[in-house]
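Visitor: Build the 3D model from these lines:
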Amino acid sequence: MPRTSKKARNMTQESEDNVLPRMMSSKPQRTLDARPDTIDFRDQMYVPTLTEVPVEVPLSDYQAAGVPILDQGAEGACAGFGLATVCNYLLRIRKVRPDTVAVSPWMLYQMAQQADPHDASAGYGTPNNPDVGASCRSAMKGWSQNGVCRRGFWSKKGPAKPIADLVGDARLRPLGAYFRVNHKDLVAMHTALAEAGILYASALLHQGWYDTKADGVIPFSTSFIGGHAFAIVAFDKAGLWIQNSWGTTWGAGGFGYVSYDDWLENGTDVWAARLGVPIELYKGRIRGDDQHQQSRCAVPELCDTRVGAAHHKHRRRRIFEAERSVVQV
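Guide: Here you go, the predicted structure:
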């Protein structure tokens, strides 16, 4: 069984029991089911470079990109919605052919669930517990293996367009290089955010997230509720600005401010990523996942590794024959 911290295990148990926070009747109930990443030594860790890091990254700099504030409502799909925010930002700031079309958080979330380990303790697919969330790593794997389509092509109910159209559209937004960032290393987090402009993260939530005022400051609390995924978008000397997926009425127009003390106590995972180059491979295979090969896919047309394997076998045979002919000459 993969190892997790005691606090993370407690949070996971709450998620599996579908524990919902007690909130005011005027606010929607939130399902907090982001699962902390288990230990996986195949993760490629981000190593800070000597890039100059500013003393602060103002929230206004990020807001200039015009990334939409998402709202997952009462759905427990924050792993997909948080990563969709990252995708939307990276696509909008791309120097060559920027893309302002919003991506589908539901495709990212459902692909994440397919990429999760599905260990016995998770209780996946049981009638009493059909949805126990997903982890940040599984969401990154899903994007890496499948790309991501635009919002209208994939809804909560699944694919909303013919598979051929969906595959072609998802190929336009592949994931490129991505790294796990040590969530306890603020230097690494600052450097990664300065390089990529945004980070994908998760944390254990407490009651303070529901007591956030219009200034966005999240007051610290020891009353833990569950796990949540979001995007880190700015920082200063005292804390981090995050973009949530609870609509514009939460916090400072959808943004919240987490102190470093709070983050170091409750942060669980951080990932940094860059967009990949849209490419065409043999018979529609998008790309393999160099970090995690063992996975499942809800749409076989998106990640049929047998096609790619056959192509590379044929290519190796042609290279061998060419080398042999050179030796004979």
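Visitor: Residue 202 contacts residue 232, doesn't it?
Guide: No. Using C-beta atoms under 8 Å, residue 202 is not in contact with residue 232, being 10.4 Å away. C-beta coordinates here come from the backbone N, C-alpha and C atoms, glycine included.
Visitor: So what's the model's average confidence on the longest strand anywhere in the chain?
Guide: Longest strand in the chain by number of residues, with DSSP state E as the criterion: strand 224-235. Across strand 224-235, the average pLDDT comes to 95.
Visitor: residues in contact with the next helix or strand after that strand?
Guide: Downstream of strand 224-235, the first helix or strand assigned by DSSP states H and E is strand 239-243. The set of residues external to strand 239-243 that reach it, using C-beta atoms under 8 Å, 6 or more residues apart in numbering, is 59, 62, 67, 69, 85, 189, 201, 216, 230-235, 254-260, 262-263.
Visitor: Select from the residues you listed every entry located in helices.
Guide: Assigned to helices by DSSP state H, the following of these qualify: 59, 62, 85, 189, 260, 262-263.
Visitor: My read is that residue 279 contacts residue 174, right?
Guide: Yes. If you go by C-beta under 8 Å, residue 279 and residue 174 touch, sitting 7.4 Å apart.
Visitor: quick one, which of these two is more surrounded?
Guide: residue 174 (19 against 9; other C-beta atoms under 10 Å).
Visitor: Number of residues surrounding the residue lying closest to the more buried one once chain neighbours are set aside?
Guide: Nearest non-adjacent residue to residue 174, counting by C-beta to C-beta, 6 or more residues apart in numbering: residue 276, 3.7 Å away. Here the number of neighbours of residue 276 (other C-beta under 10 Å) works out to 18.
Visitor: quick one: contacts for residue 276?
Guide: Counting by C-beta under 8 Å, 6+ apart, residue 276 makes contact with 174-177, 287.
Visitor: Which of those fall in strands?
Guide: Using DSSP E, the contacts of residue 276 in strands are 175-177.
Visitor: If any of those are buried, put those into a ChimeraX selection.
Guide: Buried residues among the ones in strands among the contacts of residue 276 (16 or more other C-beta atoms under 10 Å), as a ChimeraX selection:
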select :175
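Visitor: Not counting stretch 92-100 itself, show me its contacts.
Guide: 65-67, 91, 172-173, 197, 275.
Visitor: Have a look at those residues and tell me the least confident one.
Guide: residue 172 (93).
Visitor: Leaving out sequence neighbours, find the closest residue to it.
Guide: Nearest non-adjacent residue to residue 172 (C-beta to C-beta, 6+ apart): residue 278, at 5.0 Å.
Visitor: shouldn't the one you found be in contact with residue 170?
Guide: No. Between residue 278 and residue 170 there is no contact under C-beta under 8 Å: 9.9 Å.
Visitor: neighbour-wise, which of the two wins?
Guide: residue 170 (25 against 13).
Visitor: Tell me how far the more buried one lies from residue 271.
Guide: Distance, residue 170 to residue 271, using C-beta to C-beta, to the nearest Å: 20 Å.
Visitor: Can you name the residues that contact residue 110?
Guide: Contacts of residue 110 (C-beta under 8 Å, 6+ apart): 80, 142, 154, 158, 298.
Visitor: What strand or helix carries the spatially most central residue of the chain?
Guide: By C-alpha atoms, centre = their mean, the mean C-alpha position of the chain lies nearest to residue 83, the distance being 3.6 Å. For residue 83, the host element (DSSP H and E) is helix 78-93.
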